[in-house]
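Participant: this is a predicted model, with the sequence first.
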Protein chains: 2
Amino acid sequence: MIAETEPGGRRAQLHLSHQTIQTPVFMPVGTAGTVKAVPQDTLESLGAEIILGNTYHLYLRPGHETIHRLGGLHRFMSWPHALLTDSGGFQVFSLSGLRKVSDEGVRFRSHLDGSSHFFTPEHSMDVQIALGADIAMAFDECTEYPADRSRAEESLRLTMAWARRSLDHFRDHRNQVVWRNEFEGRTQSLFGIVQGGMYTDLRRECAARLVEMDFDGYAIGGLSVGEPRALTLEMIAEVLPLLPAGKPRYVMGVGYPDEIEQYARMGVDMMDCVLPTRAARHGLLFTSEGRLNIKAKRYAEDQSAPDPACNCPVCRRYTRAYLRHLMQAGEALSGTLNTIHNLAYYFAVMQRVRQSLNA
Amino acid sequence: MIAETEPGGRRAQLHLSHQTIQTPVFMPVGTAGTVKAVPQDTLESLGAEIILGNTYHLYLRPGHETIHRLGGLHRFMSWPHALLTDSGGFQVFSLSGLRKVSDEGVRFRSHLDGSSHFFTPEHSMDVQIALGADIAMAFDECTEYPADRSRAEESLRLTMAWARRSLDHFRDHRNQVVWRNEFEGRTQSLFGIVQGGMYTDLRRECAARLVEMDFDGYAIGGLSVGEPRALTLEMIAEVLPLLPAGKPRYVMGVGYPDEIEQYARMGVDMMDCVLPTRAARHGLLFTSEGRLNIKAKRYAEDQSAPDPACNCPVCRRYTRAYLRHLMQAGEALSGTLNTIHNLAYYFAVMQRVRQSLNA
């Protein structure tokens, strides 16, 4: 990563094995090996350079060993650009049933079939190496909100011990990634995740310890979990200066369009969120005129573009009336077109930020 | 229509207001103003020149008056190429509840909300003129199979009376189509529909009477309703020679890939069917190796293209293993990709037929 810190954000390139990424970047979430409802060539034409895969989902279905045998996640989903996988931890805590956490790891039941599974930091690394994303994430515990101080301390202790084990195991095995011979010996990167609840001293302690461990990049996790935005902002502002300027900084799971712009201008390089894609499927469009609920009756005969200021393929071709009809009629095309617009809107926000940082 | 009858089928161009169509042609079904799960630009890139809209569905939702106010169906769905609407009759008989048929028309209940509606030939024409497709269809009764002779005779009597009323009303009002000033005074065309059950003499009688009325084209309806294929073939073979060579001939609601090739080679110009699109959403792919059920476990790690002989965007990019995963995971992209392939396969069949007729 060649990055320069500047007031108002930083403009950089992140050189990953499969793709050089222009940052600040917003990363769409492609949970189960697909950004829901959008074909890969459409993502390319929108300018997506990196997307997320969810380790928990892919581990359960079709299984990381299957994906490994099929040449890794890039080849499996025909996405020759960059990929990032999360550690599986967040979904274990948010989706699965009957969790039992110990120092060793987490036992949980699949939300698909109730089967029992055990994830440790080492196992998360093995799964992520099998998937073979350009960036893997350390196995962490996402501290819930609100959490009292002793709970946040205990959670942080676990996250830091797991970060160490993640890194050690990853270093020993990262060269086993299936595409190791394709990119002049380059392999996967591993990012550590700063936790600590909403306690600034715990956040600072965590950041310092992770930086000592020397990860390839650093994420700030445990945000956007229900806390007021002022707190999110405070945690980000507290942690960012402690992270090394030469490595990428990633805020996980954010946010609304104004949030991603705000955080990018604070010096955040990478963000991801299900919001643009999930909201799209429920008919919520982000536009230059604000949020637009395309289901609303007032759009039934509205012939204007979803966002008249947007130049995306959906806004160039279709009307609000048509998108509203597709949603009313329960048509599959609804999710596709709404998602294309929302992603284009998010990408345009980031492009505007990057352009302002180029100037 | 400039058409020449030749042994082995006929190659022609059908000049419609919005698009000149290369025939023989297969027309995808776009029920509610969308070919389910496929964006319009993708349909264009696959070479679609004409698609169907279902009058019954569009009448109920969003309503023909809404579509008329929005500039007609072409503009509403952003499809500047050719469109054909059916008469609504087939769906009234197959989808709606509590039908009551009289000489005047059909009273029925909406399958959406149970509301009561009355369709007459005149009303079907008004609705189709409001929708503004390039080709409208006469209001008919699709005779069920099996039907005894007296039932088929009675049904045919109704269809012929309704054909006359459809044509008279259409001729009086076709110039009201919303795009009437855009194409040098050209307007919509109306096709008559040959019914008669599986009785060749009734089919012949119907064809002769409709030809006397002088429609812009002729469809053969009431096929693919459960009869053995030999009967379908017999009815088509019986009727085709009775239709004027200079006008388009359309067999409604067919069929499998080998059927559409066979009928095209008998001299049929146009066909439509939900099969490629509906089957796709259920995981059935048509390939050069036969039908392929992409849900099957044996494709879980199959890295070959869905159809190795196919050059469509899906077969060029994705594997059977990936399509199977999307289906297993209930991902929306599954329907989109499967449908793109099946439509490409059907279009390739028709293109092969057209090329062989060019030679």
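Facilitator: All right, it came through fine. Computed from a predicted structure; not experimentally measured. Residues are numbered from 1 along each chain as shown, chains lettered A, B, ... in the order given.
Participant: quick one: the helices in chain A, in order.
Facilitator: Counting by DSSP state H, chain A has helices at residues A:40-46, A:55-60, A:64-69, A:73-76, A:89-94, A:121-131, A:149-173, A:200-213, A:229-239, A:257-265, A:275-281, A:313-317, A:320-328, A:332-358.
Participant: for chain B, find the nearest of the ones you listed.
Facilitator: Taking Cβ to the nearest Cβ as the criterion, helix A:332-358 is the member of the helices of chain A that comes nearest to chain B, at 4.0 Å. From N, CA and C alone the C-beta is placed, and that goes for glycine too.
Participant: and the closest one, how far from the chain's centre?
Facilitator: Using Cα atoms, centre = their mean, to the nearest Å, the distance from the centre of helix A:332-358 to the centre of the chain it belongs to is 15 Å.
Participant: quick one: list the elements packing against that helix.
Facilitator: When contacts are defined as 3 or more Cβ pairs under 8 Å, 6 or more residues apart in numbering or on different chains; DSSP states H and E, helix A:332-358 packs onto strand A:25-28, helix A:40-46, helix A:257-265, helix A:275-281, strand A:284-287, helix A:313-317, helix A:320-328, helix B:332-358.
Participant: what is the mean pLDDT for the first one?
Facilitator: Same thing as strand A:25-28. For strand A:25-28, the mean per-residue pLDDT is 98.
Participant: and the second one, by the same measure?
Facilitator: Taken as a whole, helix A:40-46 has an average pLDDT of 98.
Participant: quick revisit: mean pLDDT for the helices of chain A: which is lowest?
Facilitator: helix A:89-94 (a mean of 86).
Participant: that older thread, for the helices of chain A, which one sits closest to A:E184?
Facilitator: Closest to A:E184 of those, according to Cβ to Cβ: helix A:73-76, at 16.5 Å.
Participant: is that closest one up against chain B anywhere?
Facilitator: Yes: contact between helix A:73-76 and chain B is present through A:F76 (criterion: Cβ under 8 Å from any Cβ of the partner chain).
Participant: picking up where we left off before, so which of the helices of chain A is nearest A:I21?
Facilitator: Proximity to A:I21, assessed across the helices of chain A by Cβ to Cβ, is greatest for helix A:332-358 (10.9 Å).
Participant: now do the contacts for the residue sitting furthest away from the middle of chain A.
Facilitator: With Cα atoms, centre = their mean as the measure, chain A has its most outlying C-alpha, relative to the mean C-alpha position, at A:E301: 36.5 Å. A:E301 makes contact with A:321, B:66, B:69-70, according to Cβ atoms under 8 Å, 6 or more residues apart in numbering or on different chains.
Participant: which bits of chain A sit near chain B?
Facilitator: A:32-34, A:36-41, A:57, A:61-62, A:66, A:69-71, A:76-78, A:300-301, A:303, A:313, A:317-319, A:321-322, A:325-326, A:328-329, A:331-333, A:335-337.
Participant: and these, which are buried?
Facilitator: Neighbour-count burial (16 or more other Cβ atoms under 10 Å in any protein chain shown) is assigned, among the residues of chain A next to chain B, to A:32-34, A:36-40, A:57, A:61-62, A:66, A:70, A:76-78, A:301, A:313, A:317-319, A:321-322, A:325-326, A:328-329, A:331-333, A:335-337.
Participant: quick one: the residue in the stretch 101-250 of chain A that chain B sits nearest to from A:A32, how far?
Facilitator: Closest contact between the stretch 101-250 of chain A and chain B, by Cβ to the nearest Cβ, is at A:L112 (9.4 Å). A:L112 sits 11 Å away from A:A32, taking Cβ to Cβ, to the nearest Å as the criterion.
Participant: shared neighbours of the two, anything?
Facilitator: Common neighbours of A:L112 and A:A32 (criterion: Cβ under 8 Å, 6+ apart): A:R61.
Participant: quick one on the thing from earlier: and the residue of the stretch 101-250 of chain A closest to chain B, how many neighbours?
Facilitator: One way to gauge burial is a neighbour count; for A:L112, by other Cβ atoms under 10 Å in any protein chain shown, it gives 12.
Participant: who's in contact with the nearest residue to it once chain neighbours are set aside?
Facilitator: Spatial nearest neighbour of A:L112, chain neighbours left out: A:L60 (5.6 Å); criterion: Cβ to Cβ, 6 or more residues apart in numbering or on different chains. Contacts for A:L60 (Cβ under 8 Å, 6+ apart) come out as A:110, A:112, A:117.
Participant: quick check: bridge partners of the most centrally placed residue in chain A?
Facilitator: The centroid of chain A falls nearest to A:D272 when counting by Cα atoms, centre = their mean (3.4 Å). For A:D272, the beta-bridge assignment (DSSP bridges) gives partners A:M27.
Participant: pLDDT wise, what is it at?
Facilitator: With respect to pLDDT, A:D272 scores 98.
Participant: check A:I2 too.
Facilitator: Here, the pLDDT recorded for A:I2 equals 47.
Participant: the residue lying closest to A:A207 once chain neighbours are set aside: what's it in contact with?
Facilitator: Distances taken as Cβ to Cβ, 6+ apart place A:L242 nearest to A:A207, at 4.1 Å, with adjacent residues excluded. For A:L242, the contacting residues are A:204, A:207-208, A:211, by Cβ under 8 Å, 6+ apart.
Participant: filter those residues down to the buried ones and hand me the PyMOL line.
Facilitator: Entered in PyMOL, the line below selects the buried ones among these, by 16+ other Cβ under 10 Å:
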select buried, chain A and resi 204+207+211
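Participant: would you agree A:H169 is in contact with A:P121?
Facilitator: Yes: here A:H169 lies in contact with A:P121, judged by Cβ atoms under 8 Å, at a distance of 6.5 Å.
Participant: more neighbours: which of those two?
Facilitator: Neighbour totals were compared for A:H169 and A:P121, and A:P121 leads with 26 against 20 (other Cβ under 10 Å).
Participant: against chain B, how distant is the residue nearest to A:E44 when sequence neighbours are not counted?
Facilitator: Using Cβ to Cβ, 6+ apart and skipping the chain neighbours, the partner closest in space to A:E44 is A:H81 (7.4 Å). Using Cβ to the nearest Cβ, to the nearest Å, we find A:H81 at a distance of 13 Å from chain B.
Participant: show me what contacts A:H81?
Facilitator: A:H81 is in contact with A:18-19, A:44, A:48-51, counting by Cβ under 8 Å, 6+ apart.
Participant: can I get these in a markdown table including neighbour count?
Facilitator: Rendered in a markdown table, the data for those read as follows (neighbours: other Cβ atoms under 10 Å in any protein chain shown):
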| residue | neighbour count |
| --- | --- |
| A:H18 | 20 |
| A:Q19 | 18 |
| A:E44 | 13 |
| A:A48 | 23 |
| A:E49 | 19 |
| A:I50 | 25 |
| A:I51 | 25 |
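Participant: the closest residue to A:A264 other than its chain neighbours: neighbour count?
Facilitator: In space, not counting the residues next to it along the chain, A:A264 is nearest to A:P24; the distance is 3.8 Å by Cβ to Cβ, 6+ apart. Other residues within reach of A:P24, judged by other Cβ under 10 Å, total 28.
Participant: how much space separates A:P24 from chain B?
Facilitator: When Cβ to the nearest Cβ is the yardstick, A:P24 and chain B sit 27 Å from each other.
Participant: that residue reaches A:G9, doesn't it?
Facilitator: Yes: contact criterion Cβ under 8 Å: A:P24 and A:G9 qualify, at 6.3 Å.
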